[in-house]
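Student: here's my sequence, what's the structure:
(2 chains)
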Amino acid sequence: GAGVSQTPSNKVTEKGKYVELRCDPISGHTALYWYRQSLGQGPEFLIYFQGTGAADDSGLPNDRFFAVRPEGSVSTLKIQRTERGDSAVYLCASSYTLNTEAFFGQGTRLTVV
Amino acid sequence: GQQLNQSPQSMFIQEGEDVSMNCTSSSIFNTWLWYKQEPGEGPVLLIALYKAGELTSNGRLTAQFGITRKDSFLNISASIPSDVGIYFCAGPILAQKLVFGQGTRLTINP
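Tutor: The predicted structure follows:
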């Protein structure tokens, strides 16, 4: 596609459930990033992939959060045992290489009830 | 961790007015980025600054990289309704990780 695509656009889940959020980066982009944006705040870094490997996962808040990018393209952010505090917009971005402009998707709004 | 502080947090202006907002940090950045975010969308890069003292324009937008490398400014001239949104400054911590300010929300009265 022309831009970064994230699915679903909205996700409502019950506390304690498992969720997966998908990101399709721009074709040919080797770098992929996940950010989390809470209401009224700027995005906060979660994890960065270069190719298939997670090069920096220092922003993941705890071990309930995990992300994969098995073939170096699509990435999935996985959240186990969701908590109400996980409610936020999860943004994905991709860039051609490190140090080039990153393009953001529209985000997935996660609501944990 | 490093934080970027943006001011003002919100602005309510009349169409046609000029807008100024700024971003400060306790740490030095070698790159400053300005993004705009509209409802239901991800941030879109407006201007990138790479050198202290640099002044860069993009249409009606002008941004400056502060001499101390701890601040940056964004100006919008002759605002129009489509300028409405949230403006974020950001700087890279390591090449792959951006830290964002909390945003300046711009509202324009026609």
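
Student: what ranges do the strands span in the chain?
Tutor: This is for chain A. Here chain A has its strands, by DSSP state E, at A:5-7, A:10-13, A:19-24, A:31-37, A:44-50, A:53-56, A:65-68, A:75-79, A:88-95, A:103-104, A:108-112.

Student: wait, I meant chain B there
Tutor: B:4-7, B:10-14, B:19-25, B:32-37, B:44-49, B:55-58, B:61-65, B:71-76, B:85-93, B:97-100, B:104-109.

Student: residues touching the nearest residue to residue A:51 once chain neighbours are set aside, list them.
Tutor: Leaving out its chain neighbours, the residue that sits closest to residue A:51 by CB to CB, 6 or more residues apart in numbering or on different chains is residue A:72, at 4.7 Å. Where you see a C-beta, it was placed from the backbone N, CA and C, and this is true even at glycine. The contact partners of residue A:72, taken as CB atoms under 8 Å, 6 or more residues apart in numbering or on different chains, are A:30, A:49, A:51-52.

Student: residue A:76: which of these is nearest?
Tutor: Among the contacts of residue A:72, residue A:49 lies closest to residue A:76 (CB to CB), at 11.1 Å.

Student: wait, doesn't the closest one sit right on residue A:31?
Tutor: Yes: in terms of CB atoms under 8 Å, residue A:49 counts as a neighbour of residue A:31; the distance is 6.9 Å.

Student: and chain A, which residues reach chain B?
Tutor: A:4, A:31, A:33, A:35, A:40-45, A:48, A:50, A:55-56, A:58-59, A:91, A:93, A:98-99, A:101-102, A:104-107 (CB under 8 Å from any CB of the partner chain).

Student: can you give the distance of stretch A:74-81 from its chain's centre?
Tutor: Between the centre of stretch A:74-81 and the centre of its chain there are 8 Å (CA atoms, centre = their mean, to the nearest Å).

Student: quick one: contacts of that stretch?
Tutor: A:16-25, A:32, A:34, A:46-47, A:49, A:64-69, A:86, A:90, A:92, A:110.

Student: in it, what counts as buried?
Tutor: A:75, A:77, A:79 (16 or more other CB atoms under 10 Å in any protein chain shown).

Student: likewise stretch B:97-110?
Tutor: B:97-106, B:108.

Student: out of those residues, who's nearest residue B:66?
Tutor: residue B:101 (13.9 Å).

Student: got a list of what the closest one touches?
Tutor: Per CB under 8 Å, 6+ apart, neighbours of residue B:101: A:42, B:4-6, B:23, B:88-90.

Student: just residue B:18 next, same as before
Tutor: B:75-79.

Student: how far away is it from residue A:111?
Tutor: 38 Å (CB to CB, to the nearest Å).
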